[in-house]
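Participant: Quick one: sequence and predicted model below, then my questions.
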Amino acid sequence: MTTARRVLDRCAALTAYSASPDHLERTYLTPQHAAANTAVAGWMRDAGLDTETDAAGNLWGRRAPEPPGTDGARQEPGTRGVPALVLGSHLDTVPDAGAFDGMLGVVLAIAVAERLRDVALPFALEVVGFWDEEGARFGTALMGSKAVAGQWDAAWWDRPDADGVTVREAFERFGLAPDRIGEAARHPEDLVGYLEAHIEQGPRLEAADLPLGYVTSIAGARRFVLTLTGEARHAGGTPYERRKDALAAASEVVLAAERLAREAGALATVGDIGVEPGAVNVIPGRARLTLDVRAVDDAARDALVAAIEAAGRELGARRGVAFEIAETHSAPSAVCSDRLSHAIADGIRAARSGEHTPDVPGLWSPAGHDAMAMAAVTEVGMLFVRCHDGISHHPAESVREDDVAVALDAFEAAVFAVARG
Ligand code: GLV
Ligand code: MN
Ligand code: MN
Ligand code: MN
């Protein structure tokens, strides 16, 4: 079996660790998290890595360098010795997910570590499977990689999931000690950098007929809950001039957000909406909407948030509906470092050297990644792999085996490029 085939088979195998038998859903600090960590740890050990679950539930596989002439005496990585180059991505998913968003990057990193097993490198090599990149359970995101970047937010402890279980309770049920969260943090001096491979989650590589690209920068999303409060009343007895219809106002806000984002060349999405009391013959008294806002840079994103907020207040006021906005997540956009972007681009060129002057595009990532959290503590670089039809956050996610094969070669060559300095 080719290594690329095995990478695809492992991504398929991970779909078994799901909260539901008929779709893939694997969220932070659940039994599926523990089971997936166990399965992936086995693959890490097969690749010659020592494994550890950190204080935030992230899974690590580590090897230390065996510098020539040291008789194979291994040095401890991280704080205890030589700095580490970290390869990885995330193991959690959105609800009704595909098999590759996150998992491809972890499994591919393990395969590269296995290839490099007997190769001396001037740094420690580590592989990480982060948790909660998607934020599907507690409504924030990147909790695992933010813990590693030393950016755990104490306000998260009391956040509840949909069943009212708080982050603190979930930690304890999972067997993690909340008061040890600080131990997950890594320090800049212990790290050489962080490299992440990920499916593109968009259509640009496929449109350009290219298997791979490198990432220039990653958009930082801001996320909100919007609450519109009007008045629930009889659907038959209330004339229009007496209505304060929260859902009608919310509908205008959804369309205003889309229009304002398009005008700004940015992205705003209402992904979820709930209405109270929720009956066929009652005018909605309250509507709650999620809002996700992204742009090429943080200033453009923040300006769009301000414009949507102003529109929401005005549209609500016209209908007698109160508009409130509460932020649930914010990440600064991250720029991939020149050094690691060059290493990834060199890796792509090396992997495609049989071709005449391979085209190596640098792409902006509107999707968020663990790399943006890691950028707070070390340099980051990302490799994008073409995915069919640009579809992601959907069970139809797919990648080509020949693309995975060239991605493996490119990622391995990128590690060598970092080693050359
Ligand atoms: C992560 O998938 C995101 O929402 O960008
Ligand atoms: Mn995702
Ligand atoms: Mn992802
Ligand atoms: Mn009645």
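Facilitator: Received it, and whenever you're ready, just let me know what you need. Ligands and ions are numbered 1, 2, ... in the order given.

Participant: Could you give the bridge partners of Gly274?
Facilitator: Arg288 (DSSP bridges).

Participant: residues near it, how many?
Facilitator: Counted with other CB atoms under 10 Å, residues neighbouring Gly274 total 15. Yep, even glycine has a C-beta here, placed from its N, CA and C like the rest.

Participant: What pLDDT is listed against it?
Facilitator: On pLDDT, Gly274 comes in at 98.

Participant: of all of the chain, which residue lies closest to ligand 1?
Facilitator: Nearest residue of the chain to ligand 1 (CB to the nearest ligand atom) works out as Gly368 at 3.3 Å.

Participant: What sits closest to that residue if chain neighbours are left out?
Facilitator: Ala221 (5.4 Å; CB to CB, 6 or more residues apart in numbering).

Participant: check contacts around the one you found.
Facilitator: Applying CB atoms under 8 Å, 6 or more residues apart in numbering to Ala221 gives the contacts Ala141, Asp292, Val293, Arg294, His329, Ser330, Ala331, Gly368.

Participant: One more pass at 10 Å, please.
Facilitator: 135, 141-142, 267, 269, 292-295, 301, 329-331, 333, 366-368, 372 (CB atoms under 10 Å, 6 or more residues apart in numbering).

Participant: repeat for Glu258
Facilitator: Per CB under 10 Å, 6+ apart, neighbours of Glu258: Leu267, Ala268, Thr269, Val270, Ile308.

Participant: Wait, a strand at the second one?
Facilitator: What that stands for is Ala268. Yes: if the criterion is DSSP: H, G, I helix; E, B strand; the rest coil, then Ala268 is within a strand.

Participant: Grab the nearest non-local neighbour of Ala343.
Facilitator: Counting by CB to CB, 6+ apart, the residue nearest Ala343 is Ala417, at 3.8 Å.

Participant: For His329, see how far away that neighbour is.
Facilitator: Distance, Ala417 to His329, by CB to CB, to the nearest Å: 34 Å.

Participant: cool, and Pro188?
Facilitator: 24 Å.

Participant: What residues sit buried inside stretch 106-117?
Facilitator: Val106, Val107, Leu108, Ala109, Ile110, Ala111, Val112, Ala113, Glu114, Arg115, Leu116 (16 or more other CB atoms under 10 Å).

Participant: Equivalent analysis for stretch 222-240, please.
Facilitator: So for stretch 222-240, counting by 16+ other CB under 10 Å, buried means 222-233, 238.

Participant: try stretch 31-45
Facilitator: Gln32, His33, Ala36, Asn37, Ala39, Val40, Ala41, Trp43, Met44.

Participant: Same question for stretch 348-365.
Facilitator: Ile348, Arg349, Ala350, Ala351, Arg352, Pro358, Val360, Leu363, Ser365.

Participant: among the residues you listed, which two are most distant?
Facilitator: Among the buried residues of stretch 348-365, the pair separated by the greatest distance (CB to CB) is Ala350 and Ser365, at 22.5 Å.

Participant: just the strands in the chain please.
Facilitator: All strands of the chain, identified by DSSP state E, fall at 50-53, 59-63, 84-90, 124-130, 191-199, 212-218, 222-229, 267-269, 273-276, 286-294, 322-330, 334-335, 362-365, 380-385.

Participant: deepest of these, which one?
Facilitator: Greatest average neighbour count among the strands of the chain goes to strand 124-130 (a mean of 29), per mean count of other CB atoms under 10 Å.

Participant: Could you spell out the sheet neighbours of that one, each with its direction?
Facilitator: strand 59-63 (antiparallel), strand 84-90 (parallel).

Participant: Of all those, which one comes closest to ligand 3?
Facilitator: If you check each of the strands paired with strand 124-130 against ligand 3 by CB to the ion, strand 84-90 wins as the nearest, at 5.7 Å.

Participant: tilt between the closest one and strand 380-385?
Facilitator: Per axes from the mean of the first three to the mean of the last three CA atoms, to 10 degrees, the angle that strand 84-90 makes with strand 380-385 is 50 degrees.

Participant: and strand 84-90, how far out from the chain's middle?
Facilitator: Strand 84-90 has its C-alpha centroid displaced from the chain centroid by 13 Å (CA atoms, centre = their mean, to the nearest Å).
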